[in-house]
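Enquirer: prediction below, plus the sequence it came from.
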Amino acid sequence: MKSRAIAVALLPGLLLVVPPASPRGQQGSSDTPDARSIVKGALDYWRDTSSFLEIAMTVHRPEWERKSLMKSWTRGEKDALVRFLEPAKDAGSATLKLGDDMWIYTPKLDRVIKLPFSMMAQSWMGSDFSYNDLAKSDELLVHFDDRIVGMEKHEGHEVYVIEAVPHPNAPVIWGKEKVRIRDDHLLLEETFFDQDLRPVKTLEATEIGRLGGKVYVTRMRMEKLEEAGHWTDLTYRRASFGLALPGSLFTLANLRNPRSQWEPQ
C-alpha cells in the first residue's frame, strides 16, 4: 500500500500543539511517549538485533537512470555490510561500517579505503544517499535533542512529527532534521536541513507491506529538493531479522572477498 507522506520539505497541515519538550526530548505528558523513545523504537524496529536484506536501487536523473542490486547485513546498532551484485561493473564493491568507522572496497583496484570524516557527505555509489546517511545509525539519539512538534494521522495510525536539533559542536553535517514516525515504529519521512536551516533533501516511505514477518517500509525514496528529477529509490525485496550472523562477516578480510554473500538458511 502506498504511503501518503507529504513529499515537501516543511510539513504543513493541522498539527496538534503539544507542550514544549524538555532536554533530551522528554515530554511533560504521561499520555504521550517522549521523542527520544519514539526515535529509538523506530531505529530498533528497522534494524532489529540483526538483519539480512536484498535491495534493488534505482538512481534517477532527468537524462538517465541506473539500476543496481545489493545485499545488506546489519548487527546491533552500528555494524553493517553492503555488497553490490549488479550491474557487472559494480559487482563485489562493498561498504563496511564498524562502530563509527567506515571502509569501502573496489574490486577493480583491489583496495580497501578507510573513509575520513571529510568524505562522509559525498555521494554513495553515485546515488542521492551519502556515506553519512549509511553511517549515522543512532546519530539522532547521540548527537541531537529530539522533541515532538506535532501529530498527524496516517492510515488509521498516529504519526509523531519530531524535530531533531544537533548539540553544540556535534560532529554532524545537518543543521536540523525533521522526522515523521508512525505509532507502529515505521519512519514515514525524514527531512534534512543545511546549516542555514534550509531543507535540502527528503527520505520518504513510498510503499509499506510485509517483509521478514513484520510490517515494513518496502520502498523508500531519497529526493533532492533543489534539483528537480534527482532521486534514488530503494526497494526491499527480501528480508530476515534476528539472525545469528557469523562474526567473520563484519571484518576487513571479508570486505575484500567479493564472493562473500552469506544468506540465512
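Expert: Cool, got the structure. Residues are numbered from 1 along each chain as shown.

Enquirer: neighbours of Thr206, just the number please.
Expert: Using other Cβ atoms under 10 Å, Thr206 has 18 neighbouring residues. Heads up, the C-betas are built off the backbone N, CA and C, glycines and all.

Enquirer: hmm, it is touching Glu223, no?
Expert: No: contact criterion Cβ atoms under 8 Å: Thr206 and Glu223 do not qualify, at 10.1 Å.

Enquirer: where exactly do the helices run in this structure?
Expert: Under the criterion DSSP state H, the chain carries helices at the ranges 35-47, 131-135, 139-142, 252-255.

Enquirer: helix or strand with the lowest mean pLDDT in this protein?
Expert: helix 131-135 (a mean of 75; mean pLDDT, DSSP states H and E).

Enquirer: can I get that helix in PDB, CA atoms only?
Expert: Provided in PDB are the C-alpha atoms of helix 131-135 (Å, rounded to 0.1, in the frame of the first residue of the first chain):
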ATOM      1  CA  TYR A 131      28.100   7.800   3.200                       C
ATOM      2  CA  ASN A 132      26.900   9.800   6.300                       C
ATOM      3  CA  ASP A 133      23.300   8.600   5.600                       C
ATOM      4  CA  LEU A 134      24.500   5.000   5.800                       C
ATOM      5  CA  ALA A 135      26.700   5.600   8.900                       C
END
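
Enquirer: helices or strands up against the lengthiest strand in the chain?
Expert: Secondary structure of the chain per DSSP state E: the longest strand is strand 199-211. On a contact count with 3 or more Cβ pairs under 8 Å, 6 or more residues apart in numbering; DSSP states H and E, strand 199-211 meets strand 187-193, strand 214-224, strand 231-241.
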